[in-house]
Every structure is written in C-alpha cells, then in structure tokens.
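>>> sequence first, predicted coordinates after that:
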Amino acid sequence: MPVNASRRSALKTLALLGSAGAASLLLPGCWKKEEEGAAKSAAAPAVVKSAGDPVVEFKYPDNPAFDLIYLAESLGYFEGTRARPKYVGKIAAPQIIPLVGTGEIDFGMRMVPLVISAIASGLDLKVVSAGGKTLEEAPHMKYFVRKDSAIRTPKDLEGKTIGFNSFGACAEFVTKTYLRQHGVDVNRINWLVVPDNQSEQTLATGNIDLAIIHPPHSGGAEHNPALLRLWSDYDLDRGLGGMAPYSAHGRFIREHPEATRDVVKAIARAANWVNANPEEARRITAQRIGMDLKNVERYAYVENLVISEPPIQYYIDILENEGKIPHGKIKVKDVYTNEFNPFAGLRMPA
C-alpha cells in the first residue's frame, strides 16, 4: 500500500512514542484535527442501524496463521449475520495495527501495547474483543536456550543476544519487565528481531542466545533435543501480558455498529469452540499453516472474549514507565469497549 506524505508525517509522530525498533513497527497513518471528536466518540454508545441493513464486508488480512476470523467463517458463524470478511491479502504483523488505525483494514489482531501506542499517537481504533489467554499448559510465548548454553537465570542474559518477533509488543515489554525485576540491566542485552518461524533454527545454529517463540512455532523448539525451555510468560507474569485482542477502526465501529457486533459474536463463539475442542483446533492449525501436527501447540482464549481491564492497565503502566507514552495520557477506557460483545456479563455464550 502506498504511503503518502500525510502518512509519512504521522510516522514521525509514532517514532517519538517508542524506540527506533518500536517505531519501525508502527507504520504511518492519517489523522486530521477535525476527526478527533469523531475518533473519541468510538467509546460512546453506537447508533444501532435497522434490521434491514445489508451485509457489510470488513477488510481483514489473509495471513498464513491460525485466526478466529478464519475459524468463525469455516464454522459458519457469519451465516445469517450482517458481516462477512473481505480478505485483502497477506499483511505483515507489524503493519496490522497501524492499518487498522488508518482504516485501510477494518479489524486486526495484535497485542495490547501496540494498540495503546497507536491510540496515543492519534490513530482511530479501539479494542472490541479479548483474544488469547495464557494458561500454564498453553502459554502465549516460551523462552528457549541451547542445552549446552550456560544460561539458566535472568542475570545470565547480560551480554547475550535475545531473539524475539517484534519491538513494541509483548515479547519486548513482558521480558524487560521480568528481567528488571531480577536486577538485570536490559541495556546490556542485544535485542534482535527474528520471526517466530525462524527462531528455533536461529537459536540452534548459535546466532542468538535465547529465543522467545509464540505458538504454534514454539512446538518445534519443544521437540528439538538440542534446546531447553527456561520459562513461559505464565512463569513471568501469570499470563497478565498474554491477551492478544481484536481491534477495529473507529469509523467502521461508528458506521456499522451491528456488523461490529456480529463480528465480535462470531469470533467469541469460535474462541469458545477452540477452548472446548483444543485437539481439533490443533489439527486445523496444522492444516492451515502446513506444520507437522506433533509440533503444533494449542491455543486458549478468554471465555466469550469479554475484555477485562487488568491486562490493559498492565501495559499502560509499562509504556508509561518505559517512557513510550506520557503519564496519564491514556486511560483504560480509551483503549477498549465491551459494548459490541453480546456475551459481556454472561458466564456462557447464548
């Protein structure tokens, strides 16, 4: 997608919010002064359109990954609703939230700190449903070293190279927070971006000293006899930083509140299906991305995808402490809404 002069200007704003690495992930987007009031109104109760509204197509990436949008469609959960996915091709993960923020795609799934940083920069988006849930047996990410390595404690990582999938998201901030809690000088660590699907090999060949890998690719490292798992994010923060929610563009929310509700309901049903059918979900994952089933790790999701505030506040605090956003600029309510989740307040889906 071409980047015009307006978006290049916005990139400079984004760059001021984070490190050079984080800025490289938050691609530029347009933001006009006259849109500020409308953007802020995304949190206000939406005007529900009439029952005769036509089906709305929402733009969504078609990436080679396991995703609740794809699963909901395959399970027929969009049938009879006012929403249908319109796949726009593969989009690199770091581009997803910036493109949701500019409206070039309507929905996207990425980690909370990326959304907070985008909102702080003036982009128009909001978290509309929760996502993944970290369990001890199904963590959001795992930490591996070579078995012949001397690394066994956090302090051992000073002077070493850590490979992780991107700046500005969970792998960076959860890890740095944990290491600082254990007296580690994170500035003495070399942080290297390595895609999840390349991390196992990069670690095994000695090009990095520790790899942080997300499912499903962490399964290969688990089965690699040359590697050793040190921790998971469950060990680090009991999963507080592991929610990977779904966000929507503010204008789409305002113009299509019923379609937004239908999308959230469909993926919530799909998430509950995964929780109830973890082995079948693993088989679907293996088929979709072409992995050996034995290496595919399970996913777990927040029940009904109802958003809770602690995971969001967790990252607001981290981003403020890291100097990525000004203290007090972003409140939890600026980031999310459960308005479009029909299961909010319910224990089980209807």
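Here it is on my side, so go on. Numbers count the residues shown, from 1 in each chain.

>>> pLDDT value on the most centrally placed residue in the chain, please?
In the chain, the C-alpha closest to the average C-alpha coordinate belongs to R110, at a distance of 2.1 Å (CA atoms, centre = their mean). Note on R110: pLDDT of 95.

>>> name the SS class of L228, please.
When classified by DSSP: H, G, I helix; E, B strand; the rest coil, L228 comes out as strand.

>>> residues near it, how many?
Residues within reach of L228, counting by other CB atoms under 10 Å, total 16. Where C-beta positions appear, they are placed from N, C-alpha and C, glycine not excepted.

>>> domain-wise, how is this structure divided?
56-133+243-334, 142-237 (the TED database).

>>> distance to N341 added to the ones you listed, as a markdown table?
Putting those into a markdown table (distance: least, CB to CB, whole Å) gives the following:
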| stretch | distance to N341 |
| --- | --- |
| domain 56-133+243-334 | 5 |
| domain 142-237 | 22 |
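
>>> okay, these, which one's buried deepest?
domain 56-133+243-334 (a mean of 20; mean count of other CB atoms under 10 Å).

>>> how far off centre is it?
When C-alpha coordinates are averaged (CA atoms, centre = their mean, to the nearest Å), domain 56-133+243-334 and its chain have centres 7 Å apart.

>>> check stretch 241-256 too.
For stretch 241-256, the distance to the chain centre is 11 Å (CA atoms, centre = their mean).

>>> can you give me the end-to-end distance of it?
30 Å (CA to CA, to the nearest Å).

>>> so where do the helices sit in the stretch 151-300 of the chain?
Taking DSSP state H, counting those that start in this stretch as the criterion, the stretch 151-300 of the chain carries its helices at 170-181, 196-204, 218-222, 233-237, 250-255, 257-276, 278-289.

>>> for the record, mean pLDDT for the third one?
For helix 218-222, the mean per-residue pLDDT is 95.

>>> the chain should start at 727 in everything you say after this.
With 727 as the first residue, the last one maps to helix 944-948.

>>> quick one: the helices of the stretch 877-1026 of the chain as TSV, columns for distance to R872 too.
Formatted as TSV, these follow (distance: least, CB to CB, whole Å):
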stretch	distance to R872
helix 896-907	18
helix 922-930	6
helix 944-948	11
helix 959-963	19
helix 976-981	46
helix 983-1002	32
helix 1004-1015	25
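
>>> between these, which one is closest to T807.
Shortest distance between T807 and these, using CB to CB, is found for helix 983-1002: 3.8 Å.

>>> can you list the residues that contact that closest one?
772-775, 779, 781-782, 784, 794-795, 797-798, 801, 803-804, 807-809, 833, 854-855, 857, 972, 974, 978-979, 1007, 1025-1032, 1066-1069, 1075 (CB atoms under 8 Å, 6 or more residues apart in numbering).
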